[in-house]
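Asker: what's the 3D shape of this:
(chains A, B, C, D, E and F)
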Protein chains: 6
Amino acid sequence: MNIQEIYFEEYGEGLQRSTMGRTITEADIVIHAGQTGDFYPHHMDEAWCRTQPFGRRIAHGTLILSIAAGMTAGDINPRAISYGYDRVRFIRPVFLGDTIRVTATIREKREDKKRPTHGIVVEMLEVLNQEQKLVLAAEHLYLVDRKTPVASVI
Amino acid sequence: MNIQEIYFEEYGEGLQRSTMGRTITEADIVIHAGQTGDFYPHHMDEAWCRTQPFGRRIAHGTLILSIAAGMTAGDINPRAISYGYDRVRFIRPVFLGDTIRVTATIREKREDKKRPTHGIVVEMLEVLNQEQKLVLAAEHLYLVDRKTPVASVI
Amino acid sequence: MNIQEIYFEEYGEGLQRSTMGRTITEADIVIHAGQTGDFYPHHMDEAWCRTQPFGRRIAHGTLILSIAAGMTAGDINPRAISYGYDRVRFIRPVFLGDTIRVTATIREKREDKKRPTHGIVVEMLEVLNQEQKLVLAAEHLYLVDRKTPVASVI
Amino acid sequence: MNIQEIYFEEYGEGLQRSTMGRTITEADIVIHAGQTGDFYPHHMDEAWCRTQPFGRRIAHGTLILSIAAGMTAGDINPRAISYGYDRVRFIRPVFLGDTIRVTATIREKREDKKRPTHGIVVEMLEVLNQEQKLVLAAEHLYLVDRKTPVASVI
Amino acid sequence: MNIQEIYFEEYGEGLQRSTMGRTITEADIVIHAGQTGDFYPHHMDEAWCRTQPFGRRIAHGTLILSIAAGMTAGDINPRAISYGYDRVRFIRPVFLGDTIRVTATIREKREDKKRPTHGIVVEMLEVLNQEQKLVLAAEHLYLVDRKTPVASVI
Amino acid sequence: MNIQEIYFEEYGEGLQRSTMGRTITEADIVIHAGQTGDFYPHHMDEAWCRTQPFGRRIAHGTLILSIAAGMTAGDINPRAISYGYDRVRFIRPVFLGDTIRVTATIREKREDKKRPTHGIVVEMLEVLNQEQKLVLAAEHLYLVDRKTPVASVI
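Answerer: Take a look at the predicted model:
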């Protein structure tokens, strides 16, 4: 973990990085249930899950999103803060023992309508399982300092 | 945790529920860092945080989103699945020792353009701290079975 | 989790509720050993357990009691507090991967000999595994406000 | 942790042992809530607790019982198994930061009415806080092999 | 856990003790990754490990060292403090599901060149897996009070 | 976390890197006690610690070593494996709330006497607290592939 200062103007659209893999374990799901209080049987009741179409326990959507965010937390940019997420979609279930990896792509740079000193950088997160199937997609929004404020923001 | 079957047609727009409170602890942040691998100094380095404008360690955005989702995981509706989130916004920092509570409001019911058998229910999550200030907002999307499929979906 | 005020006089003997299921995982046992400091080989040493009559690692009794108590922690009754347990019995072992559910039955209402303003409500907890075999039984005692104090308590 | 074989006949009534102390931390309570799913505001909502008579967050009863059991899990006796608990009583609240220690006393030896080959040893657990006030009492029952079975059990 | 006062002069070279066994679980590795921030794929990515010579996820070296140290933390000697480790060697990988036990042998007693009031006791830790193969060796150094200070230390 | 292939010949002696800081929390100590089974009162009993010269709970030595190792786990070098530690020394206590950072310096490159295809790289770890005082030192040994095996190893 290093510090690397990058201003809004310096982000390159299309820039892509990929993470190493991480296996989602039973322990991860137990810990996430314990952290959030979400003990739904989809995650916690193996006997019931066997009677359901998906057949096995599945990871919480917020677990996969949180891990994906953590896996893409690389160098620290003191000019950027995490601002939120758009279009988070739980596309396929993640089962215990699945291994995920994340591709992060700078998808878009937007004006921040309220702050002439900042811009919004949109990084697309795509989480793939070990069969290269997309399981989660999300747009991570960063609020980033501009080197030069824009003259006016409409 | 009970089972309560609710079809798309039965969701009432404007219906609101509120959770009890939960204090966000140092232990929560340590566990979330450990679960996600996000050890950014904003969350983990008290000495450095004291030199920053916010002055103290702050919770991970994904921690607050995950806990808010868990706090609103009430009765189980076998007709609904969590589909994703829109417009997740980290509005104010949450500090160690802050107490949050969540208000969840059925904000909108939408057709699902791909599935005539389902609709999308949008539940607005608003997370307030102990000063009644909004710290996080998000739209939680549920994909819900219709009792009666729509004739056609454009 | 909602608040529901119930006075001693309002508890109905025989009232029964049942929980969803929960699979007891290796992670649960590791976390409970870590919380309590009980690292007995019955729970922690798979190689040794294979040489024993029960043949596999078994869950701590206090783990199953604690989870059963948690699974039956439903709505909050501000008129009641948990007072203790009687006749906790570890009837059959719970193995890693077993799925338990709990039936809670209001078994008895008793005078509190020291407090004319309160009564004791006894809720019987019965923990069943996935084969519907009883693994743990316990009486959970609640100290509950009376609407009307009794004239005298002997 | 050593192995020490003790038969029913060899347990001495009145034998007492005392543990070292252990401070009950916020992390313990967060982990216990996560393990059991009991997120009652008495344990988790500092803001609400300040409005209540006890004024602060309190530990779960099952947490203190589980830790007390773990603290008294000393040498392993292959002739004994934990059979259950009687008269578990939550006598005073345990607050975050309180330090507990446990005194365990062999209180009684009983015939096991169903098994002439075994007896019941009752060990009284008394949990004291740092002010030497009793916070929890419980009778821990062990089912222990007899060296010599009794002639008959009524 | 008892207190037993032992001075430097009283440690017997060659004295050996052995622990019970402990199975290293997936949960242990997940918790250790979370505690340390070491999410290397050797520990966390089952899919990648299958493509490697060792074929499966392996435990962190610091996890096995930490657990071995904990397993040999027996009675408390108020005359001794843990001073460090020499020659820690990760000799064979420990896989999920392996069961380890530890042999601790007083290997050497040394003068402490700086402190005439103390000596160094060297305890050799040998960690064996369920096949009795050595997986980790380390020398644990204790700084121990002397009953009688040495006349001079060169 | 990236992959960067570095052979033995390419390591530069004297090369130094420094980590961000990390605050050692009560939760870290509770989790480490739970992972290792070391519940010594030095770490767990605040009331007793107040009566001791150091006055407060202190972190386990293996916790600080494990975290320091994790904090210096940067890019992955597929040519190197962690081989062990030499001269681990617990120099000053680390208290709850202390913030540590680590400096890692390539101190020495050695022949591996048994393997002409490898060399040993010694990285010195120095852990400083928030007052820039050294709390732990250790030599981390890596076994690293040579590009060119040495002709013979004595």
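
Asker: so where is chain A shaky, pLDDT-wise?
Answerer: Within chain A, the segments meeting pLDDT under 70 span A:152-154.

Asker: near chain F, which residues of it?
Answerer: Within reach of chain F by CB under 8 Å from any CB of the partner chain, chain A has these residues: A:1, A:3, A:19-20, A:74, A:76. In this view, the C-beta of every residue, glycine as well, is placed from N, C-alpha and C.

Asker: Make JSON lines out of these and add neighbour count.
Answerer: Shown next, in JSON lines, are these (neighbours: other CB atoms under 10 Å in any protein chain shown):
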{"residue": "A:1", "neighbour count": "16"}
{"residue": "A:3", "neighbour count": "10"}
{"residue": "A:19", "neighbour count": "23"}
{"residue": "A:20", "neighbour count": "18"}
{"residue": "A:74", "neighbour count": "14"}
{"residue": "A:76", "neighbour count": "16"}
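
Asker: Could you identify the most distant pair in the residues you listed?
Answerer: A:3 and A:20 (21.4 Å; CB to CB).

Asker: which is the next helix or strand following the host helix or strand of residue A:125?
Answerer: Element membership for residue A:125, per DSSP states H and E: strand A:118-128. Once the chain leaves strand A:118-128, the next helix or strand it forms, by DSSP H and E, is strand A:134-145.

Asker: That following strand versus strand A:118-128: what angle between them?
Answerer: Angle between the axes of strand A:134-145 and strand A:118-128 is 160 degrees (criterion: axes from the mean of the first three to the mean of the last three CA atoms, to 10 degrees).

Asker: and chain A, which residues reach chain E?
Answerer: Within chain A, the positions near chain E by CB under 8 Å from any CB are A:20-23, A:25-28, A:30-31, A:97, A:99, A:130.

Asker: change it to 7 Å
Answerer: For chain A, the residues in contact with chain E (CB under 7 Å from any CB of the partner chain) are A:20-23, A:25-28, A:97, A:99, A:130.

Asker: just how off-centre is the helix or strand hosting residue A:102 within its chain?
Answerer: Assigned by DSSP H and E, residue A:102 belongs to strand A:99-111. Computed by CA atoms, centre = their mean, to the nearest Å, the separation of strand A:99-111 from the middle of its chain amounts to 8 Å.

Asker: contacting residues around it?
Answerer: Contact with strand A:99-111 is made by A:8, A:11-24, A:64, A:68, A:71-72, A:94, A:119-130, A:135, A:139, A:150, A:153, E:45-47, as judged by CB atoms under 7 Å, 6 or more residues apart in numbering or on different chains.

Asker: cool, and stretch A:35-42?
Answerer: Here stretch A:35-42 has contacts from A:33, A:48-49, A:58, A:60, A:62, B:1, B:28, B:31-32, B:66-67, B:69-71, B:73, B:76, C:20-22, D:34, D:37, D:39, using CB under 7 Å, 6+ apart.

Asker: which residues does residue A:122 contact?
Answerer: Applying CB under 7 Å, 6+ apart, the residues near residue A:122 are A:107-108, A:110, A:139, A:141.

Asker: Residue A:144: neighbour count?
Answerer: Neighbour count for residue A:144, taken as other CB atoms under 10 Å in any protein chain shown: 22.

Asker: can I assume it is in contact with residue A:117?
Answerer: No: in this structure, residue A:144 is not within contact of residue A:117 by CB atoms under 7 Å, at 10.1 Å.

Asker: Identify the residue nearest the geometric centre of chain A.
Answerer: Taking CA atoms, centre = their mean, the centroid of chain A lies closest to residue A:69, which sits 3.8 Å from it.
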